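**Q** what's the 3D shape of this:
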Amino acid sequence: MSGQTERVCFELRVRPELIDEYVARHSPVRADMLAEIAAAGRRNYSLFLGEEGRLIGYYETDDDAAAQAYLAASPVAAAWEAEMAPFFLGLDGRPDQAATALTEVFHLADQLAHATKDR
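**A** Residues are numbered from 1 along each chain as shown. Below is the predicted model of the structure:
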């Protein structure tokens, strides 16, 4: 763990014919799953749905490896992900574990802090 907040972003593809049902399943998410996400140490978690089922997720955590391990061992998360798996295209494994990670290339606060130090 680095002691810094880790920002994690990922991409999945929702089957276009299942988009409305996918949105309905998240309006709201079951309370037990919300509690597991929080217990895993994820916060500021958002999902964004784009055209043709493009789904972008973002969350912050202090230790992503620990958060991933917690959810991987959680029966609540396993049940939720089993329910959600049929919604996704090209997925090999549990959605939370198999999503395509995106690389952060810019973060305003980090760059402002660095620019201030350089003055």
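
**Q** give me the contact list for the helix or strand bottoming out on mean pLDDT in the chain.
**A** When the helices and strands of the chain are scored by mean pLDDT, DSSP states H and E, helix 95-98 comes last with a mean of 82. Identification of contacts with helix 95-98 by C-beta atoms under 8 Å, 6 or more residues apart in numbering yields L12, Q68, L71, A72, A77, E81, M84, A85, F88, L91, D92. (Glycine included, C-beta is placed from N, CA and C.)

**Q** just the buried subset of these, please.
**A** Among the contacts of helix 95-98, those classed as buried by 16 or more other C-beta atoms under 10 Å are L12, Q68, L71, A77, E81, M84, F88, L91.

**Q** which of these fall within helices?
**A** Q68, L71, A77, E81, M84 (DSSP state H).

**Q** out of those, flag the one nearest to R25.
**A** Checking those against R25 by C-beta to C-beta gives M84 as the nearest, at 7.2 Å.
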